[in-house]
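Colleague: After the sequence you'll find the predicted model.
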Amino acid sequence: MYEKYIYGIIKNSNDTILDVTGLDGSSPVYMIAHQDLSCVVSNYFGKEFSSISKEEVIRCLLAHQVVVEHMMKEHTVLPVKFGTVLTTSDEVHSLLSQGHSQFVDALDWIQDKVEVEVAATWDKNKILQEISTEPEIIRASKALIDKGQQTFQEQIQLGHMVKAFMDKRRQNYREQMLNFLMSAAIDVQLNTLISDEMVMNVAFLVEKTNQEEFDSCVKQLDDLFCNQINFRIIGPLPPYSFATVDVTRPNLEKIEEARQLLHLGETFSEPEVRKAYRHLAAESHPDYRADDELAKVRFVELHQASELLIAYCHGQGEPDGNLLINIRRLRNEEVQHLSFAEIGV
């Protein structure tokens, strides 16, 4: 029996078949409507995504992108997280019913906006050559040469010093770039740098009417850095990084673990979850405990627990509350539209 693979949610009140195929390359993509919203879906006959090969995941991922970006041509699309499958049309109706107010608010917020990603890279070897001329690096290198035989630890210390200079220069460049580009954007999502060659890896939320201005700002940055930095623009894309629907089924064991982590009582409300999270997260915030790896892990766990319990609170308040629905910003490792793989970074 086939299931329903979900691509995104749009404002639409009609069940319609679309001129695009789904993940398997042959099944039609269509809409399942409820009130003034529709889920964009296709029938799914495949295995669970956790059990398929990396190559098959990539193929499905690209097919997912094609459908969402096809819908972008005529609609504002609220993306649904890659790999989301519901069992029946009735469950899709339940999703739209249960999350209706959240979906409408999110669609209103992203109306006429797109995501544009900017990747900035430099020539690492050239930067290292420039850093080697820094007076502090010259003195440290000369001291090691004059000493003669160097210990492995001393070589590591020099390497750390060079890396610190590189990180500082990268940070300064990135701050200049962000300050310049934010004048033409609404919001920004910093993503992880995936190589030493990368200076900036950032998603910007941009008004559609400002796309040309934003592209012009990137061109001006290229001129300001005198071709020392290579800028690449990926987009326009759906707002994957800023508002993606995450749908899961309640797992009572995980909910109980989250409740205990946030030190909540047997019954709790959304305001109580938010208050508990703010209090506990302040103690583990990476900005205040940058050198404590356990604090960073705890901060992430607290955030995930609060999201789970808030989604649970929303579901408990709905007559069809059999799903956990969360509309959230995605962390870099979850933004899987392969932009940088496609451009060869």
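Modeller: Perfect, I can see it now. Numbering: from 1, shown residues only.
Colleague: residues near T209, how many?
Modeller: Per other CB atoms under 10 Å, the neighbour tally for T209 reads 9. Where C-beta positions appear, they are placed from N, C-alpha and C, glycine not excepted.
Colleague: how close does the residue lying closest to it once chain neighbours are set aside get to I186?
Modeller: Distances taken as CB to CB, 6 or more residues apart in numbering put D112 closest to T209, at 7.3 Å, once the chain neighbours are dropped. Note on D112: its distance to I186, by CB to CB, to the nearest Å, is 11 Å.
Colleague: out of those two, which sits in the busier spot?
Modeller: Taking other CB under 10 Å, D112 and I186 do not tie; I186 has more neighbours (14 against 9).
Colleague: residues contacting that one?
Modeller: I186 is in contact with 113, 204-207, counting by CB atoms under 8 Å, 6 or more residues apart in numbering.
Colleague: ok, which stretches of this structure are strands?
Modeller: 3-11, 17-21, 28-34, 37-44, 78-79, 85-86, 113-121, 187-190, 198-207, 230-237, 244-248, 324-328 (DSSP state E).
Colleague: The second one: which residues count as buried?
Modeller: Which is strand 17-21. By 16 or more other CB atoms under 10 Å, the buried positions in strand 17-21 come out as 18, 20.
Colleague: Mind listing residues that contact that strand?
Modeller: Residues contacting strand 17-21 (CB under 8 Å, 6+ apart): 27-31, 40, 42, 63, 66-67, 70-71.
Colleague: Any of those buried? List them.
Modeller: 27, 29-31, 40, 42, 63, 66-67, 70-71.
Colleague: so D36 makes contact with S13?
Modeller: Yes - judged on CB atoms under 8 Å, D36 makes contact with S13 at a distance of 5.2 Å.
Colleague: what is in contact with D112 and I186 at once?
Modeller: With CB under 8 Å, 6+ apart as the test, D112 and I186 both reach E207.
Colleague: So how do I select the buried members of the contacts of I186 in ChimeraX?
Modeller: Only the buried entries of those go into this ChimeraX selection, using 16+ other CB under 10 Å:
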select :113,204,205,206
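Colleague: now, among the contacts of I186, which is nearest to S241?
Modeller: Among the contacts of I186, L205 lies closest to S241 (CB to CB), at 7.9 Å.
Colleague: In the protein, where's the longest helix?
Modeller: For the chain, the helix that runs over the most residues, judged by DSSP state H, is helix 152-181.
Colleague: sorry, back to before: is it correct that the residue nearest to T209 is in contact with Q211?
Modeller: No - when contacts are counted by CB under 8 Å, D112 is not listed as touching Q211 (10.8 Å).
Colleague: Could you measure from the residue lying closest to Y173 once chain neighbours are set aside over to L262?
Modeller: If the residues on either side of it in the chain are set aside, Y173 comes closest to V199, at 5.3 Å by CB to CB, 6+ apart. From V199 across to L262, the span is 37 Å (CB to CB).
Colleague: which residues of this structure score low on pLDDT?
Modeller: Within the chain, the segments meeting pLDDT under 70 span 1, 148-150, 284-293, 314-321, 330-345.
Colleague: mind listing what L224 touches?
Modeller: L224 neighbours (CB under 8 Å, 6+ apart): F180.
Colleague: For L262, which non-adjacent residue is spatially closest?
Modeller: Excluding the flanking residues, the one nearest L262 by CB to CB, 6+ apart is A276, at 4.3 Å.
Colleague: from what I can see that neighbour touches L261, true?
Modeller: No - counting by CB under 8 Å, A276 does not reach L261; the two are 9.2 Å apart.
Colleague: Verify the stated contact: I110 with T244.
Modeller: No - using CB under 8 Å, I110 makes no contact with T244, being 10.5 Å away.
Colleague: list residues touching both of those two?
Modeller: Shared contacts of I110 and T244 (CB under 8 Å, 6+ apart): L78.
Colleague: neighbour-wise, which of the two wins?
Modeller: T244 (23 against 19).
Colleague: Tell me how far L128 lies from E197.
Modeller: Where E197 is concerned, L128 sits at a distance of 11 Å (CB to CB).
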